[in-house]
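Enquirer: take a look and give me a structure for this.
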Amino acid sequence: MIEHIAPADEEAFVANLAESLTDNGVLIVGSPSLASQAHASPASKAGHINCKTAAELKGLLARHFGNVFVFSMNDEVVHTGYHQMAHYYFALCCGPKR
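Expert: Just a heads-up that it's a prediction; the model follows:
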């Protein structure tokens, strides 16, 4: 969902998500990878205005959560391996910072 948020608004967006959780709350974020956009259709590219690398996604989320775990996905396989080859990322975030 972060891919639909303008870069100028992403900090406020993630801060609001973190603030909405209890101290024990967990946030799961999914997003197409920046690398996947080379293979995306024009319509997909038009709607996905803020794709990131795994490091960029983790950096954004880590400013608002104590623990961020990024997983890669290709087809139906979820893994923690080589992020640069992933088409999609899942980030598991816990410990919202107050």
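Enquirer: tell me the contacts of D9?
Expert: Applying CB atoms under 8 Å, 6 or more residues apart in numbering to D9 gives no contacts. (Each C-beta comes from the backbone N, C-alpha and C, glycine too.)
Enquirer: confirm that it sits in a helix.
Expert: Yes. Per DSSP: H, G, I helix; E, B strand; the rest coil, D9 lies within a helix segment.
Enquirer: show the pLDDT at it.
Expert: On pLDDT, D9 comes in at 97.
Enquirer: can you give me the strands for this structure?
Expert: 26-32, 65-74, 77-79, 88-96 (DSSP state E).
Enquirer: what's the longest one in contact with?
Expert: In this case it means strand 65-74. Counting by CB under 8 Å, 6+ apart, 18, 27, 33, 54, 57-58, 61-62, 78-83, 85-97 sit against strand 65-74.
Enquirer: next, the buried residues of it.
Expert: Buried residues in strand 65-74, counted by 16 or more other CB atoms under 10 Å: F65, V68, V70, F71, S72, M73.
Enquirer: let me know the angle separating that strand from strand 88-96.
Expert: 170 degrees (axes from the mean of the first three to the mean of the last three CA atoms, to 10 degrees).
Enquirer: which neighbours in the sheet does strand 65-74 have, and how are they oriented?
Expert: Sheet pairing of strand 65-74 (DSSP bridges) gives strand 77-79 (antiparallel), strand 88-96 (antiparallel).
Enquirer: will you turn the strands of the chain into a markdown table that also has mean pLDDT and distance to P42?
Expert: Shown next, in a markdown table, are those (pLDDT from 0 to 100; distance: least, CB to CB, whole Å):
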| stretch | mean pLDDT | distance to P42 |
| --- | --- | --- |
| strand 26-32 | 94 | 14 |
| strand 65-74 | 93 | 23 |
| strand 77-79 | 75 | 27 |
| strand 88-96 | 95 | 19 |
